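Asks: okay, predicted coordinates and the sequence, questions at the end:
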Amino acid sequence: MRIAVGGIEHETCGFAVPARPADATTLMSVARHVRYGEELRSLGDANTIVDGFVRGVRETGHELVPLLWIDANTSSPVTRESLDRAVEDLLERLRKALPVDGVLLSLHGSFAAQGVDDADGEVLARVRELVGPNIPVMAVHDLHCNLSTVMAQAANVMVVERTYPHIDMAERAVHAARIMARTVTGEVRPTMAVRYLPLLWSAARMIDAEPPMSDAVQMLRALDQRPGVLSSSIGVGYQWIDNPTVGASVIVVTENDEALAERYADELAKWVWDRRSQWRRDPLTPSAAIAQGEQLGKYPIVLAEQGDNTGGGASGDATEILRLFIEQKLVPSAVLYMVDPDVAAQAVAAGAGAEIDVLLGGKSQPLVGPPVPMRVRVHAVSNGRFTYDGPMWAGVVGELGPSAWLEQDGVHVAVVSGRHQPVDLAFCRSLGLDCRQMRYLAVKSTGHFRSGFGPIAGSIFNVDTASALVHDFRRLPYTRLGRSMYPIDMDVRWEPSTTVGASDE
Ligand SMILES: [Zn+2]
């Protein structure tokens, strides 16, 4: 059987300052992986959803029909034209490949373009329109997906990642490919039920390695074992955009039993909703986190600066923690990574060994705090090219642009030019900076840093600073959610909801 494989992946941040003029952000301007047609055949080994599809289709002995894969970094909404071009390209390749027996798509699940709240829904609906009602279309989404009714109606099966950091991207894709293989051969007829919860989930409570998120993964594994269940998922949502699909959701897929899928989806949704206070975390300041860490006495103390998480679309130049390290003489310490192309260029020009005066960070917008005047030693400079080696992105090549390792009196900073979050230790090691020697580490990341920093951390605290992606949901300028959401409204009542999303598209 012929299984088409493709992906258009973008997590769209509505609250970050665009890296370039708003009308110029295109999928291609923020893309990190782009593969066309036959190029997809070389995939299969890395931890991405499309690699997992390729591996899964091969393992199940079916014919791979490669379409295209565009995997982009989180950014502000892309232009409508850019969305259309990518979708047209995908559809054209699919049209030429017809007939196919099934379509596997990697879609982030919180992709929006200018004027389009639910770009993933649009991709799925247009693929459905092209292949007709009888060809199975299945999608795998990021854990941070805002699912919609349009998506659920167009797809036969949706599967969501379970881990944060997302070390199961390929695994979940193989899972979907196996369901696809059983579907195209007529062995199963998947039936899906989806529920949407008025719930904004705190990122610090999504880490699957620890409770309460580990309980949620346990719940899903138990559900998978029940007779008749093919797949189950929880989407925790992506909160930094103002549109009606924002929120958590659950999915249950059964073998040809609609009533069972509906019943289990209600049960899973209720399970999540009943625990809503567990998915909430009150803000924590860096000083309070340091105090807690010193009391614990386990080093390095890692501060995860979730509000300036470059992986989530933040600018990566908030200065509150850098100032705290300097003023409180918290050393040896390192701030990873400060996004400041000007200072990176200045350091590269001066060269390793030089001593220079810099105004570091604080340049994207007033919210992130003022630049910090420092007299630093340039320990090393780099073009920013390296290979990740932690479990999340092992083997993936990173391009951080002109970069430098700077130090002032025991406070170290890795300065980079591109907006990328620290995921593992490989980049710092490439500069010669040994993070294991630090007593305090600040990472501009919410969860993915655990891929490499988890094993060396003494203690970890997700902290809230003056930065764009605040986790205090009451401070986010929502106007279009279209429903009351917990915990902005602590008393919100929830009835099992089977629909969500904009109707005005
Ligand atoms: Zn994610």
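Replies: Received, thanks.
Asks: contacts, neighbours, all on C-alpha from now
Replies: OK.
Asks: doesn't Pro300 make contact with Ala457?
Replies: Yes - between Ala457 and Pro300 there is a contact at 5.4 Å, judged by CA atoms under 8 Å.
Asks: so for stretch 72-89, mean pLDDT?
Replies: Stretch 72-89 shows a mean pLDDT of 94 in the predicted model.
Asks: no no, stretch 5-24
Replies: What stretch 5-24 shows for mean pLDDT is 81.
Asks: for it, measure first residue to last.
Replies: Its first and final residues considered, stretch 5-24 spans 29 Å by CA to CA, to the nearest Å.
Asks: assumed Asp71 was part of a helix.
Replies: No - assessed with DSSP: H, G, I helix; E, B strand; the rest coil, Asp71 is strand; it does not lie in a helix.
Asks: measure it to Asp434 for me?
Replies: As judged by CA to CA, Asp71 and Asp434 stand 31 Å apart.
Asks: got it, and Cys145?
Replies: Relative to Asp434, Cys145 is positioned 35 Å away (CA to CA).
Asks: also Arg275?
Replies: Separation of Arg275 from Asp434 (CA to CA): 40 Å.
Asks: follow-up on the earlier one: okay, Asp71 and Asp434: which has more neighbours?
Replies: Neighbour count, other CA atoms under 10 Å: between Asp71 and Asp434, Asp71 has more, with 24 against 13.
Asks: partners of the more buried one in the sheet?
Replies: For Asp71, the beta-bridge partners under DSSP bridges are Glu9, His33.
Asks: please enumerate the strands of the stretch 251-400 of the chain.
Replies: 301-305, 333-339, 355-360, 372-382, 385-387, 397-399 (DSSP state E, counting those that start in this stretch).
Asks: can you pull the buried residues of the fourth one?
Replies: Just to be clear, that refers to strand 372-382. Going by neighbour count (16 or more other CA atoms under 10 Å), the buried part of strand 372-382 is Val372, Arg375, Val376, Arg377, Val378, His379, Ala380, Val381, Ser382.
Asks: reformat those as TSV; add distance to Ile321 and pLDDT.
Replies: Putting the buried residues of strand 372-382 into TSV (distance: CA to CA, whole Å; pLDDT from 0 to 100) gives the following:
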residue	distance to Ile321	pLDDT
Val372	11	98
Arg375	17	98
Val376	17	98
Arg377	19	98
Val378	20	98
His379	21	98
Ala380	22	98
Val381	23	98
Ser382	24	98
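Asks: how about those residues, which pair is most distant?
Replies: Using CA to CA, the buried residues of strand 372-382 span at most 22.1 Å, a distance reached by Val372 and Ser382.
Asks: the residue most central in space within the chain - nearest residue in space that isn't next to it in sequence?
Replies: The centroid of the chain falls nearest to His144 when counting by CA atoms, centre = their mean (5.9 Å). Closest residue to His144 apart from its sequence neighbours, by CA to CA, 6 or more residues apart in numbering: Gly237 at 4.5 Å.
Asks: now do stretch 424-431: everything it contacts.
Replies: By CA atoms under 8 Å, 6 or more residues apart in numbering, the list of residues contacting stretch 424-431 from outside reads 380-382, 384, 386-390, 404-405, 414, 434-435, 449-453.
Asks: just the buried ones among those, please.
Replies: The neighbour count (16+ other CA under 10 Å) marks 380-382, 384, 386-390, 404-405, 414, 435, 449-453 as buried among the contacts of stretch 424-431.
Asks: mind checking which of the residues you listed are in helices?
Replies: In helices, defined here by DSSP state H, the members of the buried ones among the contacts of stretch 424-431 are Arg450, Ser451, Gly452, Phe453.
Asks: which residue is the nearest non-sequential neighbour of the last one?
Replies: Computed as CA to CA, 6+ apart, the closest residue to Phe453 that is not its neighbour in sequence is Asp424, at 5.9 Å.
Asks: what's the neighbour count on the nearest residue to Leu91 once chain neighbours are set aside?
Replies: Nearest residue to Leu91, sequence neighbours excluded (CA to CA, 6+ apart): Val127, at 6.7 Å. By the criterion of other CA under 10 Å, Val127 has 21 neighbours.
Asks: ok, now Ser82?
Replies: Counted with other CA under 10 Å, residues neighbouring Ser82 total 18.
Asks: on the three-state scheme, it is what?
Replies: Assignment for Ser82 (three-state DSSP): helix.
Asks: any idea which of the ones in helices among the buried ones among the contacts of stretch 424-431 is closest to Leu107?
Replies: So of these, ranked by how close each gets to Leu107 (CA to CA), first place is Ser451, at 22.3 Å.
Asks: list the residues that contact the closest one.
Replies: Ser451 sits next to Pro165, Gly390, Pro391, Met392, Val423, Asp424 when contact means CA under 8 Å, 6+ apart.
Asks: ok, which stretches of the stretch 101-250 of the chain are helices?
Replies: 119-131, 149-154, 169-184, 213-225 (DSSP state H, counting those that start in this stretch).
Asks: ok, and what's touching stretch 110-118?
Replies: The contact list for stretch 110-118, computed with CA under 8 Å, 6+ apart, reads 9-12, 77-80, 83, 119-120, 144-148, 237-238, 243-245, 501-502, 505.
Asks: one more: stretch 456-468?
Replies: With CA under 8 Å, 6+ apart as the test, stretch 456-468 has contacts from 15-16, 204, 283-286, 289, 293, 296, 298-308, 314-315, 318, 320-321, 367-369, 436, 446, 470-471.
Asks: surely the residue nearest to Phe453 is in a helix?
Replies: No - Asp424 is assigned coil when assessed by three-state DSSP, not a helix.
Asks: that older thread, which of the buried residues of strand 372-382 lies closest to Arg41?
Replies: Closest approach to Arg41 among the buried residues of strand 372-382 (CA to CA): Ser382, at 32.5 Å.
Asks: what's the spacing between the closest one and Ala414?
Replies: 10 Å.
Asks: who touches both of the two?
Replies: Shared contacts of Ser382 and Ala414, defined by CA under 8 Å, 6+ apart, comprise Ser403, Ala404.
Asks: tell me where the protein is predicted with low confidence.
Replies: By pLDDT under 70, the weakly predicted segments of the chain are 17-23, 496-498, 501-505.
Asks: could you list the domains of it?
Replies: With domains defined by automatic domain parsing, the chain comprises 2-279, 286-463.
Asks: for Asp489, which of these is the nearest?
Replies: Smallest distance to Asp489 across the domains of the chain (CA to CA): 9.7 Å, for domain 2-279.
Asks: pretty sure Val397 is touching Phe386, no?
Replies: Yes - taking CA under 8 Å as the definition, Val397 is a contact partner of Phe386 at 5.8 Å.
Asks: one step back: so what's the residue nearest to the centre of the chain up against?
Replies: By CA under 8 Å, 6+ apart, the contact set of His144 is His108, Gly109, Ser110, Gly235, Val236, Gly237, Tyr238.
Asks: now do it against Ala334, distance only.
Replies: For His144, the distance to Ala334 - CA to CA - is 28 Å.
Asks: got it, and Ala345?
Replies: Ala345 is 20 Å from Ala334, by CA to CA.
Asks: of those two, give the one with the bigger neighbour count.
Replies: Each of Ala345 and Ala334 has its neighbours counted (other CA under 10 Å); Ala334 has more, 28 against 19.
Asks: which residues does that one bridge with?
Replies: Beta-bridge partners recorded for Ala334 (DSSP bridges): His412, Leu441.
Asks: test my guess that it contacts Arg436.
Replies: No - the criterion here is CA under 8 Å, and Ala334 misses it with Arg436 at 10.3 Å.
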